[in-house]
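Asker: Next one to model:
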Amino acid sequence: MLILDECSSFLRQASQNLPRTAMLAQILRKSPNASVKQTFLVSVRKFHFTSHLFDYKKWADLSTKDKQTFINGYVDMYKEKHPCSHSNTMHRMLVGEMEEYGDTPYVFGILYNEIRSISQNESVDNVRGKDALGDPDFEKLLSK
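Answerer: Residues are numbered from 1 along each chain as shown. As a prediction, this is how the structure comes out:
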């Protein structure tokens, strides 16, 4: 139980962006058992805290203007990267009167959320760097 308490303390402090050495020193001072210190040091070496995982907004959190910006950017970039694809025609048909009616076709929300999950290594079906959705350039279209 002591290890779990120390780990949860470590995670709370990591979220506050304290320097790693300060966190380790604080945890090790509190631990009365040398074997706990050794075990915790081994597990800390394997712990990685990356804040970029939480940077990109989900589709549902975007404003209509942000959604339209993503859609236009995606359609333009897809056409540039895949000029002979029949998907370009479908994309243009979906985007046709989007701005006139203040609409955003939800199929682009599915694409947005999949690109977002690929960028966060959460995707089950696609891998970063492979296929059209895995192209890292599409990640640049995501909103923070």
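Asker: Determine the longest helix present in this structure.
Answerer: When the chain is scanned for its longest helix (criterion: DSSP state H), the result is helix 64-81.
Asker: how much space is there between K57 and T89?
Answerer: Distance, K57 to T89, by C-beta to C-beta, to the nearest Å: 29 Å. For every residue, glycine as well, the C-beta is placed using N, CA and C.
Asker: Which residue ranges of this protein form strands?
Answerer: Using DSSP state E, the chain contains no strands.
Asker: Domain parsing of it, as residue ranges.
Answerer: 2-49, 59-139 (automatic domain parsing).
Asker: Need the distance between the two termini of the longest one.
Answerer: Start to finish, the residues bounding domain 59-139 are 13 Å apart (C-alpha to C-alpha, to the nearest Å).
Asker: pLDDT below threshold where in the protein?
Answerer: For the chain, the stretches with pLDDT under 70 are 1-54.
Asker: residues contacting the closest residue to W59 other than its chain neighbours?
Answerer: Nearest residue to W59, sequence neighbours excluded (C-beta to C-beta, 6 or more residues apart in numbering): G109, at 3.9 Å. Residues in contact with G109, defined by C-beta atoms under 8 Å, 6 or more residues apart in numbering, are 59-60, 67.
Asker: Leaving out the residues flanking it, which one is nearest to E139?
Answerer: Leaving aside its chain neighbours, E139 sits nearest to S119 (4.5 Å; criterion: C-beta to C-beta, 6+ apart).
Asker: does the one you found really touch N113, like I thought?
Answerer: No. With contact defined as C-beta atoms under 8 Å, S119 does not reach N113; the gap is 10.7 Å.
Asker: Among those two, which residue is more densely surrounded?
Answerer: Using other C-beta atoms under 10 Å, the more surrounded residue of S119 and N113 is S119, with 20 against 16.
Asker: contacting residues around that one?
Answerer: Counted by C-beta under 8 Å, 6+ apart, S119 has contacts 56, 128, 139, 142.
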